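Colleague: sequence and predicted model, in that order:
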Amino acid sequence: MAPIPGKTPTADTPISILLPAHNAAPYVEQAVRSTLAQTHKRFELLAIDDGSTDETLQMLNKLAREDDRVRIISHENMGMGRSLNHALGEARFEWIARMDADDVMLPNRLERQLAFLAANPGVFLTSALVHYIDESGRTLGRNSSDYTNFENIDRMLNTNRPIGFHHPSVMMRKDVVLGAGGYRPEFWPCDDMDLWNRILEKYPRGVLVQPEYLMCYRIHEQSICVSAARRVCQKEEWVRECLVCRRQNRPEPNWEQYQASLEHAPLLTRL
């Protein structure tokens with residue numbers, strides 16, 4: 001499918017940044033301040049308090065008083081997918097950047113991502129490489145990605161394997177995300193992977209990872225990748241099963257149907 005019409009971003013393109021936070025008091029101030037310190041200044045930061053019971057909302061309100069680019073959205077706990085869908089509806093600008101409440105933007109992240117998108121006008125979903133940091137901000141390592149070229153993405157698409165990349169470093173076109181149906185919260189904590197692959201099926205040349213380190217991704221005991229590691233593996237397999245069904249024009253199984261199908265699967269598959 002050809003890309004939908006839209007303007008290629010420029011260095012001056014405004015951005016809506018979506019930052020959901022749930023009980024993120026230890027880290028959220030650093031996350032917000034790293035955003036406000038960006039070399040690209042033209043943005044709004046939608047700071048989403050997702051039913052926090054700690055001091056997250058108070059911190060966000062303090063930061064909003066300091067900088068009018070910060071807009072607070074506060075509601076009962078809805079989970080990340082529903083919170084992001086709601087915030088997408090509130091976002092004022094066409095280009096959306098993601099950020100998590102425990103991560104840190106490098107100062108030129110937004111500037112460099114806009115430059116990458118301008119140099120690749122058919123791309124409207126990108127991510128970047130990240131440094132891994134611990135609770136205290138000490139560097140643990142860094143990631144790499146196979147999805148910095150279309151050849152590898154094509155191979156994954158042609159072999160029905162889902163692609164994935166770091167959600168907090170994503171920049172994307174709002175209309176493309178909404179046109180794909182937005183996030184499907186039932187796939188959490190893999191609702192981002194589910195969304196990327198649904199977009200990729202419509203626009204095989206619309207997704208590409210930028211081969212540049214632009215974020216610090218924090219790993220700690222409350223991180224999804226740590227606290228929900230087993231569920232991540234299970235939901236990734238469900239994402240893949242739904243992906244195959246869509247491409248074969250078969251109905252996607254819901255979570256209960258998928259789990260029931262595993263009861264009759266070979267032992268290795270269940271493991």
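Modeller: Cool, the structure landed.
Colleague: which non-adjacent residue is nearest L208?
Modeller: Leaving out its chain neighbours, the residue that sits closest to L208 by CB to CB, 6 or more residues apart in numbering is V123, at 4.8 Å. C-betas here are computed from N, CA, C, even on glycine.
Colleague: and the pLDDT at K7?
Modeller: Taken from the predicted model, the pLDDT recorded for K7 is 79.
Colleague: isn't A47 right next to S16, touching?
Modeller: No: contact status for A47 versus S16: not in contact, 11.7 Å apart, counting by CB atoms under 8 Å.
Colleague: residue closest to the middle of the protein?
Modeller: If you average the C-alpha coordinates of the chain and look for the closest C-alpha using CA atoms, centre = their mean, you land on H167, 2.7 Å from that point.
Colleague: quick one: residues contacting it.
Modeller: By CB atoms under 8 Å, 6 or more residues apart in numbering, the contact set of H167 is R98, D100, S127, D192.
Colleague: how about the nearest residue to the first one, chain neighbours excluded?
Modeller: Meaning R98. The shortest distance from R98 to any residue other than its chain neighbours is 4.4 Å, reached at V170 (CB to CB, 6+ apart).
Colleague: quick one: contacts for that neighbour?
Modeller: Residues in contact with V170, defined by CB under 8 Å, 6+ apart, are A97, R98, L125, T126, S127, D192.
Colleague: any idea how far E55 is from it?
Modeller: From V170 across to E55, the span is 27 Å (CB to CB, to the nearest Å).
Colleague: more crowded one of A47 and S16?
Modeller: Using other CB atoms under 10 Å as the criterion, A47 and S16 rank with A47 on top: 29 against 20.
Colleague: and the helix or strand containing S34, what does it pack onto?
Modeller: With elements delineated by DSSP states H and E, S34 resides in helix 28-36, which encompasses its position. Other elements packing on helix 28-36 under the criterion 3 or more CB pairs under 8 Å, 6 or more residues apart in numbering; DSSP states H and E are strand 15-21, strand 43-50, helix 56-66, strand 104-105.
Colleague: and these: which comes nearest I199?
Modeller: Distances from I199 to each of these were compared using CB to CB; the minimum, 16.4 Å, belongs to strand 15-21.
Colleague: pairing partners for the closest one, with directions?
Modeller: Strand pairing for strand 15-21, using DSSP bridges, gives strand 43-50 (parallel), strand 95-98 (parallel).
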